[in-house]
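Peer 1: need a 3D model of the sequence below.
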Amino acid sequence: MAREYPHISLPIPQMKPHYDVVVIGSGYGGGIAASRMSRAGKRVALLERGKERWPGEYPSTTKECLKEVQYSSPETHLGKKTGLYHYYNGSDLNAVVACGLGGTSLINANVALEADDRIWQMSVWPDEIRNDYDSIKRGYERAKEMLQPCQYPTHFPELPKLKTLETQAQLLGKEYHNNFYRAPITVTFENRVNAAGVRQCASTLTGNDTTGINDGSKNSIIMNYIPDAWNHGCEIFCECEVKSIKKCKKSGKYIVFYEWLDDKCTKFTDDNHHSLFFVIADIVFLAAGTFGSNDILLRSRSYGLKVSNCLGKGFSGNGDIIGLGYNTDYFVNCVGAIKDNSITMKVPVGPCITGIIDMRRDAENVLDGYVIEEGTIPGSMGKIFQLVLEVENSLTGTESANITWLQYAKKTWREIKSSFIGVYTGATSHTQTYLIMSHDDNTGQIKLVDNRLKILYNGVGSSDTVIRLNKILEEATMKVNGTYIPSPFWTKLLGSELITVHPIGGCGIGKDGNNGVVNHKGQVFVDDSNNIHEGLYVCDGSIIPTALGVNPFLTISALAERICEYVAKDRGWNINYDLVTKPIDFDQPIVSYKQNECYYTNKGHMLEGGISYTEVMRGYFSTEVLSTDYFAAELQAKSSDSTMQFLLTIIAYNAETLVEMDDHSALITGNVSCRALSPDPLLVTCGRFRLFIPATDNVDSNKMMYDLNLSATDGTKYRFKGYKLIKNETVVEQTTTLYVTVYLLDDDLNEVNEEDEARVVGRGILRIKSSDFLKQLTTFRATGTTTGSRIKVIITFNNFFATTILKHIFVRFLPLVYPRAFPVAKPFYHKSRPKKEIWEIIAEDGVKSLLHRYQGGRKGPLLLVHGASISHEMWTTNLIKNNFLDYLLEHEYDIFLIDNRLSTANTASKEQQTLDDVRLDQAAATKKIREVTGVEKIGIIAHCVGSITTFMGLLDGKIEGVGCLVASQVAMHPLVGFWNNVKMHLNFLPFTRLVLRQSSFDARTSPDTNLTNQILNQLLRFYPVPKGQTCSSALCHRTSLCYGTLYQHENISQQIHDHQNEFVGIINLTTLQHLTVVSRKKLLLNYQGQNVYVTRENIRNKLNYPICIIHGEKNAVFDIKSTKKSYDTLRLINGADNYVYHEIDNYGHLDVWWGTNANKDVFPKILNHLEETRHMWGYVAQHSRNGFHPFDDSD
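Peer 2: Below you'll find the model as predicted:
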């Protein structure tokens, strides 16, 4: 078994948005380009469709090999796209190539022969090559220096297959025997450090080269050029299938689009056209193999890239012919060892090809030259091979007519032995395998039809050359008394098809675009002229314009070396060709660049205990609706079919960190497709995901945050911010709904201020389809060295996820949260204010109240009146970022606030008070303000019960000198919400008096309260509240019982929800009784039930000035019909001019003042009313009448 090799490729999320050079493919051309450009000091990325596999990781059993087979035809693709063995089914010509880091070098037969010198003088080559053979020779020598080919050593064990081929050459005649020799092969026969500094082991001669040999002796590209590229700074990325290349008109750079073949992403196969990533490069080397490079250029051309019309033409199978000499008289030993176990071999098989009959030099016409090589069958395919032999022997086998009875008996016995004993004895072990390379006519074509490759080479298997060479193989077989079996495809029944392992051409070198696809330097022609794409190169077998008549990889390598030489020469770069002098340190390359700040090990793999999954969301995105009304944006986008979709992979490098860290963060990689932002996919250049972070601006809510930096192909940068808001009892809907905002970033910015609305490009909503969600569940992957550790990771993550979700679903059963003092260490919002003044005022009945003043400016004065069971701090609280007091102060208003007899800050609140009594406090406050300020009329803003008592005082004349009023949630016609109406009819107040034995009700409570209140607190878990308004706060439950649900929880912050006990508290039952009286009659009445307030005369005489009424659309305390009736009454009696009504969408009762966004949604409406009417009251009106100045601005 070979030594263990470290993996050197990086995960896709580590890919930079831009490189100096991007190399597509990692075979001979790609490996050489990556190595040489890295040695030139360039920042290089190598992209490979297949996986990174080192010796010890290749399939070694039939089952393992079959899992790695992928099949492509014009109609379908079967198998995983990263499968090591890729079979292409074409018309008259089929092909087998490899897919993996190292390309087909992983499974080829190792023969390193130069093309016949006469090949280079053929007219298919441009003059720059025909007249510069020295550059070709330099390429050959440089390739040999790295690949280190050598012949099978003479002191090694004799190989039966090699001896048999030599015997056949001798029996065929002198001309064949003279051209027999041991082929130079890229196999190591000693333990050593190779030219790239990689340690290799001597060949164990198992014969399994063509399925990937595990002994470390094969000099494939992954053992030399690729690690050399890595050692000089190249960044390697596997499992990314390049789809197309685009030239950016703006920058002139090349955009390489690729699909990430991660098994999580491929779950969403229907979305491949949406899930492309891209990387930008100054120079691109296309070296994806003949089929890969043609496929990419053909698709790129269909997408608009200008390319020569010769693309896809001039395809060749390199004249490959496969044949079998079955059941000869000679022991050949052509089947490799099972599981690469050389100990089980009695006689070594040897490398795949060791001998050659080279008939090129003797051919007068170079096109008549060919080579015959022997081969092996991998041990994993031995039984299948035997079955094919037995079937084909009876169908297509040709044996000598001169065979004797004794020879026939021996042949029959060998067949019986193979059938019963196995492939290592009998007829199978006496079978010689042949591979011929010759010259076909290069008239094949590669087309792209319905986005799939179609290989056409009509009549290739019926040519005279193929027939002639099959006859030679037949003769060679007859010389050793065998049965000749041609390729199973080469039958009349199957149309005389061939199979090749050396597909070349389709992007051939030519003198111009009318004769080829690339010039002699490998640069792609723009059209049929000499115009080229300066930075787009092709450097693999696809550029060879003719069959070579020999194994092509050394010639491909020579041309790739020559192309790299010209790339450097044209740009004044210097390639360091000096070989390394010491073994590669796989922990520290010679050249390295800083990676993204991710939690990777130094070998590029996720840490122990990581978890990842992939998510697809789709929806609509509007660039027209820029407000935070996401649903309006969604509707507008739907009308114009402006869609958005993303495919993201969430990567948590440590699951415990994900669930335990405060921000619960993980990384995101992926892409976003949105035509409104870019015609191409947008690349996530940096992304962070946060799982279930507390949503401090919402109550009992968590957010799943998606924070992405996006890059468009034209260089435009965006910031994508999305969140899923997980609220109580709405979990299923919210976990599948993402609210998206996209901001425009400057080139030098990676962050954006969410308050900077000028940068908002658009908003929208994305959702998860049920089918995508089911796929998403299958993408969860855990990392760990053992199954147990991986299971632990999944359990840790699922436990955290499920616990959080269940808390929101079963919130009614969670432990109650009791009011607590606001912690000193906890941050709160504070703004500078004018010095506070306080007066104690006395109502006419002798009850004292407090009047507070913040002299904010030349506007007003305004009196703010609180509701019941609350203090003036409802306006001033620092528990919210933008309170109403500070808002008015910022707009230069002189503000007065009252703590009337219902205030929790007033000792009188514990006494029994009627609403008639409370109006006297507002009257005293109004009188005091007019005395202090000298104005005739003030403005009042009153909330809830404060509004009721203010209207009472105004209507009966107790409150005088008011010129402007803002009434919140209720006015003259109290009509309560549904559940308040139910409680009113159920006589809640007697329950309080008789059961709770209280003359007042305190919303505040604690776990140490009396038994009756403890029972009540538990029962209130099930108090009916509007959908989505359930919480675990005992205080919130109690206020809901007393007044109804006071706010929409999604509108207020967690902070004020948890600490409102600072200013919310007690209410006496007399006040509640009076509220019940007016609510039943839906009219303001005195405590005795008499209508002394709301009369037509009072309304006409006392309320004929500007009044603004606001009401939350979702108010559960007072029905919206209440204020609308009052509004209509005012308009009917006094006309419409003085009255304004605002229904506040998506707001409830108190959240119009406490809402996180109330400063944007509500406050401006009130301010607008004040500003439009202030000439009719306050300082401005006073000044206009008598020149009164509230402030003296003189020095």
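
Peer 1: could I get the phi/psi values of residue 847?
Peer 2: Note on residue 847: its backbone torsions stand at phi -80, psi 140 [degrees, to the nearest 10].

Peer 1: ok, it to residue 957 distance?
Peer 2: Distance from residue 847 to residue 957, counting by CB to CB, to the nearest Å: 19 Å. Every residue, glycine included, has its C-beta placed from N, CA and C.

Peer 1: looking at the two, which is more packed in?
Peer 2: Neighbours per residue, other CB atoms under 10 Å: of residue 847 and residue 957, the larger number sits with residue 847, 20 against 11.

Peer 1: look at the more buried one and report its pLDDT.
Peer 2: At residue 847, the pLDDT value in this model is 96.

Peer 1: also the one 10 residues further on?
Peer 2: Residue 857 is assigned a predicted lDDT (pLDDT) of 93.

Peer 1: count the neighbours of it for me.
Peer 2: Neighbours around residue 857, by other CB under 10 Å: 18.

Peer 1: for it, what are its contacts?
Peer 2: Listed by CB atoms under 8 Å, 6 or more residues apart in numbering, the contact set of residue 857 reads 889, 891, 892, 893, 894.

Peer 1: gap between the first one and residue 1156?
Peer 2: Taken as CB to CB, the spacing of residue 889 relative to residue 1156 amounts to 20 Å.

Peer 1: do the same with the last one
Peer 2: Going from residue 894 to residue 1156 by CB to CB gives 27 Å.

Peer 1: which of those two has more neighbours?
Peer 2: Using other CB under 10 Å as the criterion, residue 894 and residue 1156 rank with residue 894 on top: 27 against 20.

Peer 1: so the more buried one makes contact with residue 859?
Peer 2: Yes. At 6.8 Å, residue 894 and residue 859 qualify as touching, with contact defined as CB atoms under 8 Å.

Peer 1: so what sits against both of those two?
Peer 2: Joint contacts of residue 894 and residue 859 (CB under 8 Å, 6+ apart) are residue 1179.

Peer 1: isn't residue 723 up against residue 739?
Peer 2: Yes. With contact defined as CB under 8 Å, residue 723 and residue 739 form a contacting pair (5.7 Å).

Peer 1: helices of the stretch 701-850 of the chain, start to end?
Peer 2: 731-735, 770-777, 787-809 (DSSP state H, counting those that start in this stretch).

Peer 1: what's the longest one packed up against?
Peer 2: Yep, that's helix 787-809 we're talking about. Helix 787-809 sits against strand 611-622, helix 655-660, strand 682-694, strand 717-726, helix 731-735, strand 781-782, with contacts defined as 3 or more CB pairs under 8 Å, 6 or more residues apart in numbering; DSSP states H and E.

Peer 1: I'd like the contacts of residue 857 laid out as CSV, including secondary structure, distance to residue 1054 and pLDDT.
Peer 2: Putting these into CSV (DSSP: H, G, I helix; E, B strand; the rest coil; distance: CB to CB, whole Å; pLDDT from 0 to 100) gives the following:
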residue, secondary structure, distance to residue 1054, pLDDT
889, helix, 26, 97
891, coil, 28, 96
892, coil, 32, 96
893, strand, 30, 97
894, strand, 33, 97
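
Peer 1: give the buried subset of these as a ChimeraX selection command.
Peer 2: Paste this into ChimeraX to select the buried members of those, with burial taken from 16 or more other CB atoms under 10 Å:
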select :889,893,894
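
Peer 1: the helices in the stretch 251-400 of the chain, which residues?
Peer 2: 289-302, 382-395.

Peer 1: same thing with the stretch 1051-1195 of the chain?
Peer 2: Under DSSP H, counting those that start in this stretch, the stretch 1051-1195 of the chain gives helices at 1054-1059, 1069-1081, 1096-1102, 1120-1134, 1151-1154, 1158-1161, 1163-1173, 1178-1186.

Peer 1: highest mean neighbour count out of those helices?
Peer 2: Most buried of these, by mean neighbour count (mean count of other CB atoms under 10 Å): helix 1151-1154, with a mean of 26.

Peer 1: off-centre distance for that one?
Peer 2: In terms of CA atoms, centre = their mean, to the nearest Å, the centre of helix 1151-1154 is found 38 Å from the chain centre.

Peer 1: using CSV, list the CA coordinates for that helix.
Peer 2: Provided in CSV are the C-alpha atoms of helix 1151-1154 (Å, rounded to 0.1, in the frame of the first residue of the first chain):
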residue,chain,number,x,y,z
ASP,A,1151,-47.0,50.1,20.4
VAL,A,1152,-47.9,53.3,18.5
TRP,A,1153,-45.7,54.9,21.1
TRP,A,1154,-43.3,52.1,22.0
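
Peer 1: show me the shaky parts of the stretch 851-1000 of the chain.
Peer 2: The model of the stretch 851-1000 of the chain has pLDDT under 70 over residues 990-997.

Peer 1: domain ranges for this protein?
Peer 2: Domain assignment of the chain by automatic domain parsing yields the ranges 611-808, 836-976+1047-1186.

Peer 1: after the helix or strand bottoming out on mean pLDDT in the chain comes which helix or strand?
Peer 2: Lowest on mean pLDDT, DSSP states H and E among the helices and strands of the chain sits helix 655-660, with a mean of 59. Proceeding N to C from helix 655-660, the next assigned helix or strand is strand 665-673, under DSSP states H and E.

Peer 1: show me what that following strand is packed against.
Peer 2: strand 276-286, strand 643-652, strand 682-694, strand 702-711.

Peer 1: who are the packing partners of the last one?
Peer 2: Think strand 702-711. strand 665-673, strand 682-694, strand 717-726, strand 737-745.

Peer 1: the strands in the stretch 751-900 of the chain, which residues?
Peer 2: Secondary structure of the stretch 751-900 of the chain (DSSP state E, counting those that start in this stretch): strands at 760-767, 781-782, 836-842, 848-855, 859-865, 893-899.

Peer 1: mean confidence score for the shortest one?
Peer 2: Averaged across strand 781-782, pLDDT comes to 82.

Peer 1: just how off-centre is that strand within its chain?
Peer 2: On CA atoms, centre = their mean, the centre of strand 781-782 falls 16 Å from that of its chain.

Peer 1: repeat that for the third one.
Peer 2: Centroid separation between strand 836-842 and its chain, computed with CA atoms, centre = their mean, is 60 Å.

Peer 1: same question for the fourth one.
Peer 2: In this view, strand 848-855 has its centroid 57 Å away from the chain centroid, taken as CA atoms, centre = their mean.

Peer 1: go on, the last one?
Peer 2: Going by CA atoms, centre = their mean, the spacing between the C-alpha centre of strand 893-899 and its chain's C-alpha centre is 53 Å.

Peer 1: can you name the next helix or strand after that strand?
Peer 2: helix 915-933.

Peer 1: run the angle between that following helix and strand 859-865 for me.
Peer 2: Angle between the axes of helix 915-933 and strand 859-865 is 160 degrees (criterion: axes from the mean of the first three to the mean of the last three CA atoms, to 10 degrees).

Peer 1: now the angle from helix 915-933 to helix 1069-1081?
Peer 2: Using the same axes, to 10 degrees: helix 915-933 against helix 1069-1081 is 100 degrees.

Peer 1: so residue 751 is in contact with residue 707, correct?
Peer 2: No. The criterion here is CB under 8 Å, and residue 751 misses it with residue 707 at 9.6 Å.

Peer 1: quick check: neighbours shared by the two?
Peer 2: residue 719.

Peer 1: among those two, which residue is more densely surrounded?
Peer 2: Taking residue 751 and residue 707 together and counting by other CB under 10 Å, residue 707 has the greater number of neighbours (17 against 10).

Peer 1: name the nearest residue to the more buried one, ignoring sequence neighbours.
Peer 2: Distances taken as CB to CB, 6 or more residues apart in numbering put residue 688 closest to residue 707, at 4.8 Å, once the chain neighbours are dropped.

Peer 1: can you count the residues close to the one you found?
Peer 2: 15.

Peer 1: what about it, distance to residue 614?
Peer 2: From residue 688 over to residue 614 (counting by CB to CB), the distance is 16 Å.

Peer 1: same deal with residue 866?
Peer 2: 52 Å.

Peer 1: likewise residue 565?
Peer 2: Applying CB to CB, the value for residue 565 to residue 614 is 43 Å.
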